[in-house]
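>>> okay, here's the prediction I keep looking at, along with the sequence it came from:
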Amino acid sequence: MRKRSLLGYRFDELCAIVEKAGGKKYSAKQVWSWLYKKGITDIDLMSDLPLKLRNGMRSEFCILPVSIDSAAKSADGTEKLLIKLYDDNFVECVIIPEKERLTLCISSQAGCRFNCSFCATGKSGFKRDLEASEIVGQVIAASEFCGKRITNVVYMGMGEPFDNYDEVIKSADIISDDSGLAIGKRKITISTFGHIDGLKKYIAEDVRYKLAVSLHNPFDNERSRLMPGNRIYPLKELFQVLKEYARRSNRKVVFEYILMKGVNDSERHAEELKILLSTLPSKLNLIKYHGISEGGFTPLSDEFSLKFYRYFSKSDFPVVFRTSRGEDIAAACGQLSAAKITEKPL
Ligand code: SF4
């Protein structure tokens, strides 16, 4: 029988597990500290716990439910890890060092249902949702791999996080817990293409992680061709929900916009985008397009990217051009596909 992972439980749930395994309630604090402060991956190493409790937990639980199959390192220091799941599915996560920050881009699903035409994950189809323990496990495994503490987490890897809402929020609650990994709520970003059902839950539950929305086109018909999920969740409805989010949270909505030559880069697109984003407090992140092996588009030249950028910056609209990381190892935005990595077997 497959053992469940201790990484899949919030602290109150872990208390119940510890008690059921024959321990006192206060031992849950020790277990939590072993898992998230000391980062051990073997229950037997919890040396200050009674043997009876360790045996009780070990009979039903493991710690790390994922393993690193292989890794590749980019010339810019970015590292991509191919993560193996218990059922031989694979996902990827990406470690991005930047000054004093160490950001981890994690996956929430093996594959994705939404099939955006610029995205390698979408091309691979949908396999399954990840459990919270498999999402938290990426953070633990990546931190162990690089021997450093992860400071920021972005749910921008494989999968649509709000299509796996409960497990994603649970995993974010676990990694942000002050007495454990303690990655601050403001250092965790959940990125969605505009999954309205998930967004509504997020707003109703007053969840406080940062939110990013992948927009990529301001016209409904064009966006539907680029991102078929737009047919289910069209822009008008999406913006109504996002306005409600901005109103209730008092936060700006961060929009991601990948610039693709001849697809979404014209003056007409810039004008409409500005009109749309001006309807609510927002920021715009422009992103370079990264090629994928199947199909794909052409990146916009630096000259025209700058022109698009200036259209917003000249009127003081909050806009940044996000630099690419890890493109040479297919670890950049839209490139994750969980294909075998051959560069550096572990
Ligand atoms: S961009 Fe996001 S929602 Fe679209 S196919 Fe890729 S992972 Fe899925």
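Sure, I can see it. Residues are numbered from 1 along each chain as shown.
>>> what secondary structure does H216 sit in?
Recorded secondary structure, H216: coil (DSSP: H, G, I helix; E, B strand; the rest coil).
>>> tell me the pLDDT of it.
If you check H216, the pLDDT there is 97.
>>> what of C105?
97.
>>> excluding its backbone neighbours, what's nearest it?
V94 (4.3 Å; CB to CB, 6 or more residues apart in numbering). Quick note: C-beta positions are derived from backbone N, CA and C, even for glycine.
>>> helix or strand next in line after the helix or strand harbouring the one you found, which one?
Of the helices and strands defined by DSSP states H and E, V94 is found in strand 90-98. Downstream of strand 90-98, the first helix or strand assigned by DSSP H and E is strand 101-105.
>>> just confirm yes or no for the helix or strand just after that following strand near the ligand.
Per DSSP H and E, the first helix or strand lying C-terminal to strand 101-105 is strand 109-111. No - shown here: strand 109-111 not in contact with the ligand (CB under 6 Å from any ligand atom), separated by at least 7.7 Å.
>>> residues near the residue nearest to C105, how many?
By other CB atoms under 10 Å, 28 other residues sit near V94.
>>> give me the contact list for the strand holding V94.
69, 77-85, 102-107, 109-110, 130, 134, 138, 142, 145-146, 150, 157-159, 325-326, 331, 336-338 (CB atoms under 8 Å, 6 or more residues apart in numbering).
>>> next: stretch 284-303.
The contact list for stretch 284-303 (CB under 8 Å, 6+ apart) reads 117-120, 123, 212, 254-263, 265, 273, 277, 305, 308-309, 312, 317-322, 324, 327, 330, 332-335, 337.
>>> switch the cut-off to 7 Å
117-118, 120, 123, 254-261, 263, 265, 277, 305, 308-309, 312, 317-322, 324, 327, 332-335 (CB atoms under 7 Å, 6 or more residues apart in numbering).
>>> list only buried entries from the residues you listed.
117-118, 120, 123, 254-260, 263, 265, 277, 305, 308-309, 312, 319, 321, 324, 327, 332-335 (16 or more other CB atoms under 10 Å).
>>> of those, which belong to strands?
V254, F255, E256, Y257, I258, L259, V319, F321 (DSSP state E).
>>> can you get me the start-to-end distance on stretch 186-197?
23 Å (CA to CA, to the nearest Å).
>>> would you pull up how far that stretch lies from the middle of the chain?
Averaged C-alpha coordinates place stretch 186-197 at 8 Å from its chain's average position (CA atoms, centre = their mean, to the nearest Å).
>>> is K283 in contact with P318, as I believe?
Yes - between K283 and P318 there is a contact under CB atoms under 7 Å: 4.3 Å.
>>> related to what we said a few turns ago, for the residue nearest to C105, name its beta-bridge partners.
For V94, the beta-bridge partners are K80, C105 (DSSP bridges).
>>> what comes up buried for stretch 54-62?
Buried residues in stretch 54-62 (16+ other CB under 10 Å): R54, G56, M57, R58, F61, C62.
>>> near the ligand too, which of these?
Of these, not one also sits near the ligand (CB under 6 Å from any ligand atom).
>>> those in helices, which ones?
Within the buried residues of stretch 54-62, residues falling in helices by DSSP state H are R54, G56, M57, R58.
>>> and these, which is closest to H216?
M57 (45.7 Å; CB to CB).
>>> residues in contact with that closest one?
A21, I43.
>>> one more time with 10 Å
3, 6, 17-18, 20-23, 27, 31, 43, 46, 49, 63 (CB atoms under 10 Å, 6 or more residues apart in numbering).
>>> those: which two are farthest apart?
Maximum distance among the contacts of M57 (CB to CB): 19.4 Å, for K3 and S27.
>>> who has more neighbours, the two?
Comparing K3 with S27 by other CB under 10 Å, the one with more neighbours is S27, at 21 against 14.
>>> that one touches C15, doesn't it?
Yes - using CB atoms under 10 Å, S27 is in contact with C15, at 8.9 Å.
>>> list every C-alpha atom in stretch 155-165, with coordinates, as PDB.
Extracted C-alpha coordinates of stretch 155-165, given in PDB (Å, rounded to 0.1, in the frame of the first residue of the first chain):
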ATOM      1  CA  TYR A 155       3.000  28.700  -9.000                       C
ATOM      2  CA  MET A 156       3.900  29.300 -12.700                       C
ATOM      3  CA  GLY A 157       5.200  25.800 -13.500                       C
ATOM      4  CA  MET A 158       3.200  23.000 -15.100                       C
ATOM      5  CA  GLY A 159      -0.600  23.200 -14.700                       C
ATOM      6  CA  GLU A 160      -3.300  25.700 -14.000                       C
ATOM      7  CA  PRO A 161      -3.200  26.200 -10.200                       C
ATOM      8  CA  PHE A 162      -6.900  27.100  -9.800                       C
ATOM      9  CA  ASP A 163      -7.900  24.000 -11.600                       C
ATOM     10  CA  ASN A 164      -6.400  22.200  -8.600                       C
ATOM     11  CA  TYR A 165      -7.600  24.800  -6.100                       C
END
